[in-house]
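> Sharing a model that was predicted from the sequence below.
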Amino acid sequence: MPLPKAHITVDNLSIGWGPRVLVEHVTFQVKRGTIFTILGGSGCGKSSLLRYLIGLEQPQAGRIDIEGVGEPHRYEGVPPFGVLFQSGALFSSMTLAENLALPLTTWTPLRGAIARELVQAKLDLVGLGPFADHLPGEISGGMKKRAGIARALILEPNLLFFDEPSAGLDPISAVELDQLVLTLSRDLGITIVIVTHELPSIFLVADHCIVLDKVAKGIVARGDPRKLRDGSEIPFVHNFFTRSSPGAPAKQGG
Amino acid sequence: MSVAVRVDREGDHASLVPTGPFDLAHTTAVAQAVKGTEARLSGCVSVDVDLAELDRIDGAGAVVLARFLDRLDADGRHARVVEDLNPEAARLIALYRERRADRPSQTHSISRLARIGALAARLPGKANEALDFGGRCAVALPKTAASPGSVDWRSLPRLMQEIGADALPVTSAANLLVGIIIGFLGVSQLGRFGAVAYVPELVVVAHFRELGPLVTAIVVAGRSGAGLASEIATMKVSEEIDALRSIGLEPIKWLVVPRCLALALTVPLLTWVGDVLALVGGLGATAVITHVTTRAYIQATVNAITAEHFLAGFVKSPFLGLAIGLIACGEGLLAQGGAAAVGTRTTTAVVLAIFGVIVISAMFTFFFALVGI
C-alpha cells in the first residue's frame, strides 16, 4: 500500500513578531487525509504557527508548501482550505445560513434553491439544520463552533485548519465535536490540522502530532500522541501528556 | 467528461448511471441533470443508482444526489445506491442522507401592516427600558454621594481629556463656521434696512443663547456619544459588564456616572470656547463684506454681551452633556448579541442624542421665554 502523500510541507520555518522569535527552524509534513495536531503549552507559538499555515502571515525564514496551493500567503483565488477560528468567528449580523451562503455566493455562481440546499446540507451535517435562521448571538458556544465548521466546509475544501475546536466546551459537546472531526476525516477524506491542548481530543482524533516548546522554540517531539504519552522520555512531553507538574509530589496510593 | 445521468429503463425499474464530475464547480449542471432525470422516471417503482462511472464527487454533488434519493423515497419509489462499485461516493451520499434534520416550520411572511403593528407593540417596551435606565440612574446618584468610593473617579481626567480636550478642534471649527454664517446672514438681511450695526448683537444673541450650546452638543453627541455607546456596548457583548457586576461593582455607578459627569463638565467649557470663536467668525464675515471697523464691531459686541444672554446658553450646556451621556451609556448597556448589536446601538445612541439635545434646548428656550429671560 503506497504511503499517503504530503499535503503540507513545512521546511525550516521560523516565525515571530518583530525581533521576537516564537518558533525557529521547524520542519514537518502533514500527510493527506490524516488528522494532524499541533500541541504545546500556552505561549509556545502554536496558534501563531496556524496563522502562518493559513497564509495570514509571511514567514521570516523557511517555507510552507501546500499541495496545489503553493505558499499560502501568496495564494489568490477561491480559498483552498477551510478555517475554524477559536471563537467560531461567525458574522454576528448574519444568520447561520447567511454566514454559510456568503463564501458560496462569493466564489461560485450558485444562487437560489440550489445554494440554499447546499447551505442547509452543511448545517444538517454539523447538526444545526433547525437553526439556519438563527443569529450567532442566539446559539451556544459549541453550536457556534459547529457553525464555523459548516462555513469552513461550504466550498468543499480538502484541507481544514481548526484552532482550539473543543476549548471551552462541556465534555459532551467536546466529544460530539471530536466525532464530527473524525467523520470529516474518514467519510469526507479531508486533511485536518488542529491546534489544541485538549488531551482527550488529542487521544481520540489525532493520527500524528508535533509538540512545540516555548523554551526550545521548536518541536521537541513528534509522532502518534498515544505512543508519546506512553513512551516519551522527554520530561516536558511526558508532563504534557500525563498532565503532571515537574515539581509536583507523587500522589499517594490508597 | 460532461455531467450527465444515464437512465436505463426495464419496465417499472430504472438504473441510473451518473457520469462526469459531481462537484461544487459543476453543481448547476449536476442539479439540471438530476432534474431532467426525475422527469424520465414516471411509472418507476424501484430505482438503482450506479456510481461506478462517476468521475469525481464532493459534498456538493453528494447533497444533490442525496436530496434526489430522498425525493424518490418520499414518492414511494424504492431508491437504492449500488454501494460496492464506488464505496467512497456511496458513503458520502449516505452521510448527507443520514444527517438531514427535520425542517423547522416555515415562518410566515409578515405584511407591511403587521410590521407597523409589531413596531408599535415594541414602543411600550422601549419606553419601559428608558424609564428603567433613568430610574436606576436616579437611584445611583444619592448612592454615589453616599459612597463616593464606588465610582471610578480615576477615569474622570481621562474621560474629560477624550470628551473635552480631544473634541475641542472639531467643536471650535463648527462654532467658528456658524459664527461666520450668522455674520453673513446678518449683513445680507439687516443690511437691506441699513441695520448692519446690529449684526454683532445678532451674533451674540443667536450664538450665546441658542446655537452655541446646540452646535457644540450636536458635535459632541456625534463624536463622543458614538464613542461612549460603542465602548459600553462592546463591554456588554464581551461580558465585561457582567464581570463588573460579578466583582460587586454597579455598572451605572462605575461607568455611567463618570462619563455623564465628564460630559456635564466639558460641554459647557467647549460651548464657552465655541462662543468666543463664533464672535471671531461673525467679526471676520462682517469685516470682509462691510465697512464696519474691527474696533467698532468689538465695541458693539461687548455692549451686546449681557450676563442674561451668556447664562441662558451656559446654563443648559451641562444638561445637554448629561443627556448625551445618559443616552449613549443607556443604549450601550442595552446591547445584546455580537458586533452587529454594537453598531445598531451606537447608531441609535447618536440619533437619539442629537434629537434629545434639540428637544432639551427647545424646552429651555420655551422656559426662558415664559419667565422673560
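Yes, it's here.
> Against B:V267, how distant is the most centrally placed residue in chain A?
Nearest to the mean C-alpha position of chain A, by CA atoms, centre = their mean, lies A:F162 at 2.1 Å. Going from A:F162 to B:V267 by CB to CB, to the nearest Å gives 50 Å. All C-beta atoms are positioned from the backbone trio N, CA, C, and that covers glycine.
> Ok, B:A339 next?
For B:A339, the distance to B:V267 - CB to CB - is 29 Å.
> Tell me which of those two has more neighbours.
B:V267 (33 against 16; other CB atoms under 10 Å in any protein chain shown).
> in what helix or strand does the closest residue in space to the more buried one that isn't next to it in sequence lie?
In this structure, B:V267 finds its nearest non-sequential neighbour in B:G321, 3.3 Å apart by CB to CB, 6 or more residues apart in numbering or on different chains. Remark: B:G321 resides in helix B:316-333, with elements defined by DSSP states H and E.
> which other helices and strands contact that helix?
Here helix B:316-333 touches helix B:112-146, helix B:212-220, helix B:226-237, helix B:257-289, helix B:339-371, going by 3 or more CB pairs under 8 Å, 6 or more residues apart in numbering or on different chains; DSSP states H and E.
> Quick one: closest of the ones you listed to B:A101.
Evaluated with CB to CB, those place helix B:339-371 nearest to B:A101, the distance being 25.7 Å.
> quick check: angle from that closest one to helix B:257-289?
Here the directions of helix B:339-371 and helix B:257-289 differ by 60 degrees (axes from the mean of the first three to the mean of the last three CA atoms, to 10 degrees).
> Among the helices and strands packed on helix B:316-333, which comes closest to A:T183?
The closest approach between A:T183 and any of the helices and strands packed on helix B:316-333, judged by CB to CB, belongs to helix B:339-371 at 30.9 Å.
> Briefly note if the closest one comes near chain A.
Yes - judged by CB under 8 Å from any CB of the partner chain, helix B:339-371 comes into contact with chain A at B:A339, B:A340, B:A341, B:G343.
> from the chain's centre, how far out does that helix sit?
16 Å (CA atoms, centre = their mean, to the nearest Å).
> So for that helix, mean pLDDT?
Taken as a whole, helix B:339-371 has an average pLDDT of 92.
> Give me the contacts around the helix or strand hosting A:E24.
Using DSSP H and E, A:E24 sits within strand A:20-31. The contact list for strand A:20-31 (CB atoms under 8 Å, 6 or more residues apart in numbering or on different chains) reads A:3-16, A:36, A:44-45, A:48-49, A:60-62, A:191, A:193, A:207-208, A:210, A:212, A:217-219, A:222.
> about what we covered before: right, so the helices and strands packed on helix B:316-333: which one is the most enclosed?
Most buried of those by mean neighbour count (mean count of other CB atoms under 10 Å in any protein chain shown) is helix B:212-220; its value is a mean of 27.
> what helices or strands is it leaning on?
helix B:168-190, helix B:257-289, helix B:307-314, helix B:316-333, helix B:339-371.
> Just give me the lowest mean pLDDT stretch among the ones you listed.
The weakest mean pLDDT among these belongs to helix B:307-314, with a mean of 88.
> Going by neighbour count, which residues in it are buried?
B:H309, B:F310, B:A312, B:G313, B:F314 (16 or more other CB atoms under 10 Å in any protein chain shown).
> on that earlier part again, my guess is the residue nearest to B:V267 contacts B:R259. True?
No - contact between B:G321 and B:R259 fails when scored by CB atoms under 8 Å: they sit 10.0 Å apart.
> tally of neighbours for B:I324?
Neighbourhood size, B:I324 [other CB under 10 Å]: 34.
> my read: it touches B:R223, true?
No - using CB under 8 Å, B:I324 makes no contact with B:R223, being 9.9 Å away.
> Report the residue spans of chain A with pLDDT below the cut-off.
Applying pLDDT under 70 to chain A flags the ranges A:1-4, A:245-254.
> Near chain B, which residues of it are found?
Chain A comes close to chain B at residues A:90-93, A:108-110, A:114, A:117-118, A:121-125, A:127-130, A:132-133, A:135-138, A:153, A:155-156, A:183, A:187-189, as judged by CB under 8 Å from any CB.
> Let me know whether my guess that B:A79 is in a strand holds.
Yes - residue state for B:A79 (DSSP: H, G, I helix; E, B strand; the rest coil) corresponds to a strand.
> Isn't it up against B:D73?
Yes - using CB under 8 Å, B:A79 is in contact with B:D73, at 5.5 Å.
> Of all residues in the stretch 251-373 of chain B, which one is closest to chain A?
B:G338 (2.6 Å; CB to the nearest CB).
> show me what contacts that residue?
Contacts of B:G338 (CB under 8 Å, 6+ apart): A:L90, A:S92, A:S93, A:L135, A:P136, A:G137, B:V237.
> Looking at those, which are in helices?
Residues of those located in helices (DSSP state H): B:V237.
> Quick one: buried ones out of the contacts of B:G338?
A:L90, A:S92, A:S93, A:L135, A:P136, A:G137, B:V237.
> Leaving out chain neighbours, which residue sits closest to the first one?
Distances taken as CB to CB, 6+ apart put A:P136 closest to A:L90, at 4.0 Å, once the chain neighbours are dropped.
> these two touch, right, the one you found and A:A97?
No - at 11.6 Å, A:P136 does not count as touching A:A97 under the criterion of CB under 8 Å.
> And the helices in the stretch 51-200 of chain A?
When assigned using DSSP state H, counting those that start in this stretch, the helices of the stretch 51-200 of chain A occupy the ranges A:96-107, A:112-125, A:141-153, A:171-188, A:199-205.
> Any chance of JSON lines for the helices and strands packed on helix B:212-220, columns distance to B:A118?
Shown next, in JSON lines, are the helices and strands packed on helix B:212-220 (distance: least, CB to CB, whole Å):
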{"stretch": "helix B:168-190", "distance to B:A118": "39"}
{"stretch": "helix B:257-289", "distance to B:A118": "33"}
{"stretch": "helix B:307-314", "distance to B:A118": "42"}
{"stretch": "helix B:316-333", "distance to B:A118": "21"}
{"stretch": "helix B:339-371", "distance to B:A118": "17"}
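> what's the closest of those helices to B:G59?
Nearest to B:G59, of all those, is helix B:339-371, at 28.9 Å by CB to CB.
> Could you name the helices and strands sitting against the strand or helix carrying B:V204?
According to DSSP H and E, B:V204 maps onto helix B:199-204. Here helix B:199-204 touches helix B:168-190, helix B:257-289, helix B:294-304, going by 3+ CB pairs under 8 Å, 6+ apart.
> quick check: angle from the longest one to helix B:307-314?
Computed with the same axes, to 10 degrees, the direction of helix B:257-289 lies at 130 degrees from that of helix B:307-314.
> distance of A:P72 from A:V193?
12 Å.
> overlap in contacts of those two?
Residues touching both A:P72 and A:V193 (CB under 8 Å, 6+ apart): A:L53.
> from the stretch 101-250 of chain B, which residue is nearest to chain A?
Closest point on the stretch 101-250 of chain B to chain A, by CB to the nearest CB, is B:A101, at 2.8 Å.
> Give me the number of neighbouring residues for the nearest residue to that residue once chain neighbours are set aside.
Setting aside the residues directly before and after it, B:A101 is nearest to A:G129 in space (CB to CB, 6+ apart), at 2.8 Å. When neighbours are defined as other CB under 10 Å, A:G129 has 20 of them.
> Quick one: end-to-end distance for stretch A:182-196.
Separation of the first and last residues of stretch A:182-196 by CA to CA, to the nearest Å is 15 Å.
> SS state for A:T37?
strand.
> okay, now it: neighbour count?
Neighbourhood size, A:T37 [other CB under 10 Å]: 23.
> All set, thanks.
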